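**Student:** I'll drop the sequence and a predicted model, then ask my questions.
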Amino acid sequence: MGVAGLVLAGGRSRRFGSDKRFYRISGRTLLEIAVEKLGKVCDRVYVASDRVDLPVKVRVVLDTEKYKGPLYGIYYALRRTSERSFLVLPVDMPYVSVPLLRQVYRYGITGFNVIVRFGGRVFPFPGVYSRDVLLYLSEGEKRRVRDFVRWAEGRGRMRSFEAQNGDELVNLNFMP
């Protein structure tokens, strides 16, 4: 069994100014773009969202801890499915290429969590997140993705690689 895809699509979009999921680039929503890209890499694609009435044909995992951050979207996807790990792509990263997703996926099928680095910076997404997230949150650690990355690195459960193009790692926090 491989790594399933997970689109994180449950944020408030406060800084963006409108619901990012439905913002259009070249006639397609950010949600459609993310689902399509993950579908080219993963056999199964899910969307973690605070609503189930999304205009895409994928499995929706309801994120009942609204607005607590991306780690909770991953947490609920792992709790509510039988998947062992997810290749995670936030809805607001439309410039991530399919080749980069494939590279992250290849690192993730080894069973490790995976992050990307570029120019000395850590980019937690796109990344692969395993059931280690469940253990991390049950231990009562801080609830941020970067803290999970440090936690997993400290236990030898995190791998990373250097991306070749930092432009792919831009997320749309503000209306373009």
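**Tutor:** Right, received. Where do you want to start?

**Student:** so where's the protein uncertain?
**Tutor:** For the chain, applying pLDDT under 70 flags the ranges 1, 11-19, 21, 51-56, 64-68, 141-142, 173-176.

**Student:** ranges for the helices of the protein?
**Tutor:** 30-39, 70-79, 98-108, 132-138, 145-154 (DSSP state H).

**Student:** between those helices, which gets nearest to Asp92?
**Tutor:** Minimum separation from Asp92 across these (CB to CB) falls at helix 30-39, 6.4 Å. (Each C-beta comes from the backbone N, C-alpha and C, glycine too.)

**Student:** about what we covered before: among the helices of the chain, which comes closest to Ser85?
**Tutor:** With CB to CB, the closest approach to Ser85 among the helices of the chain belongs to helix 98-108: 6.0 Å.

**Student:** gap between that closest one and the chain center?
**Tutor:** With CA atoms, centre = their mean, to the nearest Å as the basis, helix 98-108 stands 13 Å off its chain's centre.

**Student:** stretch 29-38 too?
**Tutor:** Distance, centroid of stretch 29-38 to centroid of chain: 12 Å (CA atoms, centre = their mean).

**Student:** please identify the buried residues of it?
**Tutor:** 29-35, 37-38 (16 or more other CB atoms under 10 Å).

**Student:** and stretch 103-117, by the same measure?
**Tutor:** 103-105, 107-108, 112-116.

**Student:** can you tell me the strand partners of the lengthiest strand in the chain and which way each runs?
**Tutor:** When the chain is parsed with DSSP state E, its longest strand is strand 121-130. Using DSSP bridges, the strands paired with strand 121-130 are strand 85-90 (antiparallel), strand 113-118 (antiparallel).

**Student:** how near is the residue nearest to Leu137 when sequence neighbours are not counted to Gly120?
**Tutor:** Excluding its sequence neighbours, the residue lying closest to Leu137 (CB to CB, 6 or more residues apart in numbering) is Tyr75, at 5.6 Å. According to CB to CB, to the nearest Å, Tyr75 and Gly120 sit 29 Å apart.

**Student:** neighbour count: the two, which is higher?
**Tutor:** Tyr75 (24 against 6; other CB atoms under 10 Å).

**Student:** any idea how far that one is from Ile25?
**Tutor:** On the measure of CB to CB, Tyr75 and Ile25 end up 29 Å apart.

**Student:** ok, Cys42 next?
**Tutor:** In terms of CB to CB, Cys42 sits 22 Å off from Ile25.

**Student:** same check, this time on Leu137
**Tutor:** 33 Å.
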